[in-house]
Each structure stands twice: as structure tokens, then as C-alpha cells.
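**Student:** Okay, sequence plus prediction incoming.
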Amino acid sequence: MALNLPSIRADFPILSRILPSGRQLVYLDNAATTQKPKAVIQAMTDYYENNNSNVHRAVHTLAGEATDAYEKGRQDIADWFFVDREQVIFTSGTTEAINLVVHAWGRANLKKGDVVLVTEMEHHADIVPWQLIAKERGIEIRFVSVDPVTYRLNMDEFEASIDEVSFVGCVHTSNVLGTRNPVEEIIEMAHSRGNHGKGARVLIDCAQASPHERLNLTELNADFVAVSGHKMCGPTGIGGLIVKPEMLDEMQPFMAGGDMIEEVFLDHSTFQTGPYRFEAGTPKIAEAIGWGVAINYLSQFDMHEVHQHIHDLAAHTADKISKIPGIKVYGDHSDPTCSGVVSFLHETIHAEDLAHFLDLGGFAVRTGHHCAQPLMRKLGITATNRTSFYLYNTQEEADAFITHLERVVGRLTR
Ligand SMILES: Cc1ncc(COP(=O)(O)O)c(C=O)c1O
């Protein structure tokens, strides 16, 4: 059954926004953050109007309601990802989730000479935190390269290193290329051949995968998975680190303070168990509630259909704009697993100039290095323009974008 786009679009008030240019918004920056349906906005407003209180502390009515709603958010997220609620640690997003792994697991387990293997396709969030701990601990970071023609990871390099590796970090789906990596194979190989006790531990960055794949994280079997709520219709400021239960025992507290303790003495403290051990201070209560509602919103759709819709718009756009003189598209959009991002660059028009002209036409696209400078260097460029589609985007919007881009390029290169 095809997605009912008029009905879906009516759920997202911002999509009817008229911009200062007088143009109606065509929002094509979904890989950066998706728009929010009314249900999410209303749930958060409702929480602030009726239940706002701190959680896990007081016994008054509002405290109980806020705690129940916050913990329901955790349960909704656990159900969506096919894990137990104790496996969901709330963070501010993927970035904080990866930093939590580096500091809570990495500091407790990695020692001088250990090897962490990541890829050239990583977002900075899965490179820079490792660089910080590597310098401090004498850890070696190795990179699996990306083929600049096929836009895929060099799996021979992965295999050549894996026997010496204690930890693998890999992006599930690239925010620049749309490439879906063979994460199942990577996890299996890391566990069976890696060099940390019974195998290397694996972190998968699912920031771009979770918006259009119904990930079964129990089946996926990664030790750590990082996700962002705001890229899947949820509010900003919330995401999660989803861990295998046994990983909780391998992690030491990182952020310390209220809520994560059991008892505090002047000379030592004892800590809560489960995810609470890693959630110090007042948590993101309205945001957790909003993310749960976003996930319930998405659960009305068949995510295979959602992916197909997004992929088809991206593949169509990539095909058409690659024929505009001077435009190069990065990524293999003929691959049916490729996501909804289309990165492109004109050979003479600066990406930022192009983005301004697109904005004047109402088209919101991303410009820059997309927090992936090592990948940009591999591609021999410093920036791209990037359109990225989501479930509410239409064929008409994609076609209007293609026509406008053709017109702008024609005018600027006359
Ligand atoms: C692949 C990938 N990893 C990590 C991040 C960081 O996510 P956040 O900014 O929500 O922490 C992003 C955001 O664009 C991303 O696309």
C-alpha cells in the first residue's frame, strides 16, 4: 500500500510554511534533522502544561506522572528496537552515545597498544572521541578505507586488521554517501576474530539507519548502538546508547552526580545498576516522552515502504541531477539499500553560493563537509550540497528541486 502523502504531510505543520522569499518550504535537509509531527509537539506541550516535574525523586503526584511518562518513553524505544528497556541509556544523541562508549567502556577496557578500528566513512562523532582517548592511553586507531569510485568500505582491509583489533566502530549508513555498510558481516567477524577476550566489541552508529529501517538490535547483535531521536521525527536533545546487557558490566560510570548513585559517603559512593548508572543529573524528560511518541507515530508505517519511498526519490533525483552539466553526484543510488541522501557538487559553482540560490527557491538543503572531513578528503573535495528525503517528501518536490537546480546552474554558468 502506497504511503498516503497528503495525510502524512498534514501531520507536519511546518511543511506548509511560507518562507521570507515568498516560496513554500521544500524541506530536503532530513539527514540533519527531520521535522516533527503534531503528535510529538502536542505530547511535549501537554507534558509541560500538565505533568512537568523532576523524575525518580519525589513522591508527589506530578513526580509520579513525570516518572511514568519518562519511563514509558524508554519502554517505547526499547520495543521499537526489539530490546529490553534496561538496555536503553538515554543520551543527548548519537554524539553523546559514542562519547559514552569511549569514556565508560574504553577507559575501563582499553590499554596501551590496543587497536581501535574505525572507517574513513565515519562522522566526526566516531573519530574525534577515539583520538582523545588514543592520545591519552597510547591506543592505535586504524581506518578502513573507502573506495572513492564504488563508495564502499574496503572489506579486505577490514579482514586484514581484525585479528589485532579490540574495538570496532562503524557507521551503519553514511550521512554523506547513503551507503549502507555490511554491518552484519562486520559484527560477526569482529566477534569471532577480534582481539579482546572472546572477540572485539562493536559499536554501530545508526544515526542515519534508524530513521528508515526498523532495526532489530537483538538480531543485529552489536555490543553498542548509537541513535538520535531528532532524525526520526523526535525532538532534538535526545537519543540513546543501546547496549547488550552484558556490556553494562564492562562499563564504568562516566558522568557522575545525582540519580546515578545508590549511596554517597565522604570517601566513596555506590552506583545504581542498569542504564540509570549512566544517566547522571536531571534527564531529558520532555524529550524522552517526545521521542517515544515519535516512534509510536512511525510505527503506523511499514518501514520497508518508507525506505522504498525515500530511496526512490533519492535515486530519481541523483539520476536527473547527474545529467546537469558540471554536477557530480557522490554515492551509488542504484543500490536499493542506499539511503535518502544525495550529495552533489558543481565543478565551478561554490556549494554555499548554490545553496543560497536553492534557498531563494524555497529548497532547504545542507552544505558543507557534513562532519566527515576525512571522507571529503578521500573524495578529493572539501564540501558538497546534500539533499536528503524523508517519508513526507513527494515526487513533485523532487521534480521541482531538479528543475530549480537546472535553472540556477544554467543561469550561473551562462
Ligand atoms: C552518521 C551520523 N553519526 C553521528 C551523527 C551525530 O548525531 P547527533 O548530532 O544527533 O549527535 C550524525 C548527525 O548528522 C550522523 O549523520
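**Tutor:** Looks like it came in fine.
**Student:** What's the per-residue pLDDT of the residue positioned nearest the centre of the chain here?
**Tutor:** Centroid-nearest residue in the chain: Ala207, 1.3 Å away (criterion: C-alpha atoms, centre = their mean). We have a pLDDT of 98 for Ala207.
**Student:** Nearest spatial neighbour of it, chain-adjacent residues omitted?
**Tutor:** Thr94 (4.1 Å; C-beta to C-beta, 6 or more residues apart in numbering). Every residue, glycine included, has its C-beta placed from N, CA and C.
**Student:** Now do that neighbour against the ligand, distance only.
**Tutor:** To the ligand, Thr94 is 4 Å away according to C-beta to the nearest ligand atom, to the nearest Å.
**Student:** what domains does the record give for this structure?
**Tutor:** The chain breaks down by automatic domain parsing into domains covering 5-30+302-412, 42-298.
**Student:** pLDDT of the shortest one, averaged?
**Tutor:** The average of the pLDDT scores along domain 5-30+302-412 is 97.
**Student:** Off-centre distance for that domain?
**Tutor:** 18 Å (C-alpha atoms, centre = their mean, to the nearest Å).
**Student:** got the residues of the stretch 201-350 of the chain near the ligand?
**Tutor:** Proximity of the stretch 201-350 of the chain to the ligand (C-beta under 6 Å from any ligand atom) is limited to residues Asp205, Ala207, Gln208, Ser228, Gly239.
**Student:** from those, which ones fall inside strands?
**Tutor:** In strands, judged by DSSP state E, the following of these are found: Asp205, Ser228, Gly239.
**Student:** between those, which has the most around it?
**Tutor:** Top of those by neighbour number is Asp205, holding 32 neighbours under the definition other C-beta atoms under 10 Å.
**Student:** Spatially nearest residue to that one (excluding sequence neighbours)?
**Tutor:** Val171 (4.4 Å).
**Student:** What of Gly138?
**Tutor:** Closest to Gly138 by C-beta to C-beta, 6+ apart is Lys112, at 3.8 Å.
**Student:** pretty sure the one you found contacts Lys135?
**Tutor:** No - assessed by C-beta atoms under 8 Å, Lys112 is found out of contact with Lys135, at 11.7 Å.
**Student:** sorry, back to before: next, work out how far apart the residue nearest to the centre of the chain and His123 are.
**Tutor:** Distance from Ala207 to His123, counting by C-beta to C-beta, to the nearest Å: 7 Å.
**Student:** what is in contact with those two at once?
**Tutor:** Thr94, Val171, Asn175 (C-beta atoms under 8 Å, 6 or more residues apart in numbering).
**Student:** taking those one by one, which sit in strands?
**Tutor:** Using DSSP E, the shared contacts of Ala207 and His123 in strands are Val171.
**Student:** who wins for neighbours among the shared contacts of Ala207 and His123?
**Tutor:** When neighbours are counted by other C-beta under 10 Å, Val171 leads the shared contacts of Ala207 and His123 with 31 neighbours.
**Student:** gap between that residue and the ligand?
**Tutor:** Counting by C-beta to the nearest ligand atom, the gap from Val171 to the ligand is 5 Å.
**Student:** re the thing from before, ok, of the ones in strands among the residues of the stretch 201-350 of the chain next to the ligand, which one's closest to Gly361?
**Tutor:** Ser228 (28.5 Å; C-beta to C-beta).
**Student:** Isn't the closest one up against Leu241?
**Tutor:** No - taking contacts as C-beta under 8 Å, Ser228 lies outside contact range of Leu241: 11.0 Å.
**Student:** what number of residues lie near Gln131?
**Tutor:** 14.
**Student:** any idea how far it lies from the ligand?
**Tutor:** From Gln131 to the ligand the distance is 16 Å (C-beta to the nearest ligand atom).
**Student:** Next, the contact list for that residue, please.
**Tutor:** With contacts defined as C-beta under 8 Å, 6+ apart, Gln131 is in contact with Ile141.
**Student:** Now it: which helix or strand?
**Tutor:** helix 128-137 (DSSP states H and E).
**Student:** for the following helix or strand past that helix, packing partners?
**Tutor:** Using DSSP H and E, the helix or strand that follows helix 128-137 in sequence is strand 140-144. Under the contact definition 3 or more C-beta pairs under 8 Å, 6 or more residues apart in numbering; DSSP states H and E, strand 140-144 sits against strand 115-119, helix 128-137, helix 155-161.
**Student:** what pLDDT, on average, does the longest one get?
**Tutor:** Pointing back at helix 128-137 there. The pLDDT scores in helix 128-137 average 96.
**Student:** Okay, helices next: where are they in the stretch 301-414 of the chain?
**Tutor:** 303-321, 351-360, 373-379, 395-412 (DSSP state H, counting those that start in this stretch).
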